[in-house]
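A.B. asks: no sequence on hand, only this structure:
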């Protein structure tokens, strides 16, 4: 039996992974500890084989006044927890980083990330994550395996961030630009199964889990509308406005720019972590979203 400690209470990802592993009671013992006010130091790390560190600041407005807090939580805390885990005999440390270490979309020019792409953060959120990665990797040795996860946007029932906003937009707007792109995304159940597999295989590397399918933002909005009994017309006449607004509004680049991991990256474990296909994932998310409304 693998004993797993998740550092980051009340984390959407942490709770989801805990619930997923709990489906295998004969294989995993899971505990979650809060990182607020050093509460995690009260846990007996000597009992655990794996520490999965999910604590961090993500869905907070990245204003300049928040910069020091980002580094304190996303970098310093992560390195401190990893150091503590190593000192107390933990065998595997999993750090939740992000695709954001490669920077955010700054134009409509497609970006394809490979395993050889050099990270280049464009803000202190991404930089804090990258510096945490670098600090944690320095701790790695034969007895302490470090695994870095750089997932794209994670979505699922009850998730926060931009995806719920997209669901609401799809329910309200009658038209949407017929501007087609490609985005890597990751459904929460697929992430959870990926975590389970890397714990089982005691992996140590940098990984890039994503859904088997790329997502087209325009088609996504159309599908989300249909699942809510609405119709969205994809208007070709709006495409020039996307190009016009791109240099002025960075939100346009974030929504319509293409940002993907190259396809072969998600073939790790022979796609065994693809627990839920994309159409079914949308149905699950929209169903829960509508129940909450």
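C.D. replies: Everything's here; your move. Given the structure is predicted, the values throughout are model-derived calculations rather than measurements.
A.B. asks: which residues touch residue 167?
C.D. replies: By C-beta atoms under 8 Å, 6 or more residues apart in numbering, the contact set of residue 167 is 224, 228, 285-286, 289. In short, each C-beta sits where N, CA and C put it, glycine included.
A.B. asks: isn't there a helix covering it?
C.D. replies: Yes: assessed by DSSP: H, G, I helix; E, B strand; the rest coil, residue 167 belongs to a helix.
A.B. asks: coming back round to it: min pLDDT across the contacts of residue 167, which one?
C.D. replies: Minimum pLDDT across these is recorded for residue 289, with 76.
A.B. asks: out of everything not next to it in sequence, what's closest to it?
C.D. replies: Of all residues not flanking residue 289 in the chain, residue 167 sits nearest, at 5.2 Å (C-beta to C-beta, 6 or more residues apart in numbering).
A.B. asks: tell me how far that neighbour lies from residue 138.
C.D. replies: Relative to residue 138, residue 167 is positioned 41 Å away (C-beta to C-beta, to the nearest Å).
A.B. asks: what about residue 27, how many neighbours?
C.D. replies: The local packing of residue 27 (other C-beta atoms under 10 Å) involves 12 other residues.
A.B. asks: typo on my end, it should be residue 248
C.D. replies: So residue 248, with other C-beta under 10 Å, has 8 neighbours.
A.B. asks: residue 149 too?
C.D. replies: 23.
A.B. asks: over to it: give its phi and psi.
C.D. replies: Main-chain torsions, residue 149, degrees, to the nearest 10: phi -110, psi 130.
A.B. asks: and for residue 146, nearest residue in space, chain neighbours not counted?
C.D. replies: Per C-beta to C-beta, 6+ apart, closest to residue 146 is residue 140, 4.3 Å.
A.B. asks: surely that neighbour and residue 134 touch.
C.D. replies: No: using C-beta atoms under 8 Å, residue 140 is not in contact with residue 134; the gap is 11.3 Å.
A.B. asks: show me what whichever strand or helix holds residue 68 is packed up against.
C.D. replies: Per DSSP states H and E: residue 68 is located in helix 67-70. Under the contact definition 3 or more C-beta pairs under 8 Å, 6 or more residues apart in numbering; DSSP states H and E, helix 67-70 sits against helix 124-137.
A.B. asks: what's the helix it packs on packed up against?
C.D. replies: Going by 3+ C-beta pairs under 8 Å, 6+ apart, helix 124-137 lies up against helix 67-70, helix 78-87, strand 92-96, strand 145-149.
A.B. asks: now the third one against strand 145-149, angle please.
C.D. replies: By that I understand strand 92-96. Going by axes from the mean of the first three to the mean of the last three C-alpha atoms, to 10 degrees, strand 92-96 is angled at 20 degrees with respect to strand 145-149.
A.B. asks: which residues are in contact with the closest residue to residue 284 other than its chain neighbours?
C.D. replies: For residue 284, ignoring the flanking residues on the chain, the nearest one in space by C-beta to C-beta, 6+ apart is residue 157 at 5.7 Å. Residue 157 is in contact with 188, 284-285, 287-289, counting by C-beta under 8 Å, 6+ apart.
A.B. asks: in the stretch 51-200 of the chain, where is pLDDT below threshold?
C.D. replies: In the prediction, the stretch 51-200 of the chain carries residues with pLDDT under 70 at positions 59-63.
A.B. asks: if you set the cut-off to 80 instead, what comes out?
C.D. replies: 58-65 (pLDDT under 80).
A.B. asks: count the residues that sit near residue 107.
C.D. replies: 12.
A.B. asks: pretty sure it is touching residue 253, no?
C.D. replies: Yes: assessed by C-beta under 8 Å, residue 107 is found in contact with residue 253 at 5.7 Å.
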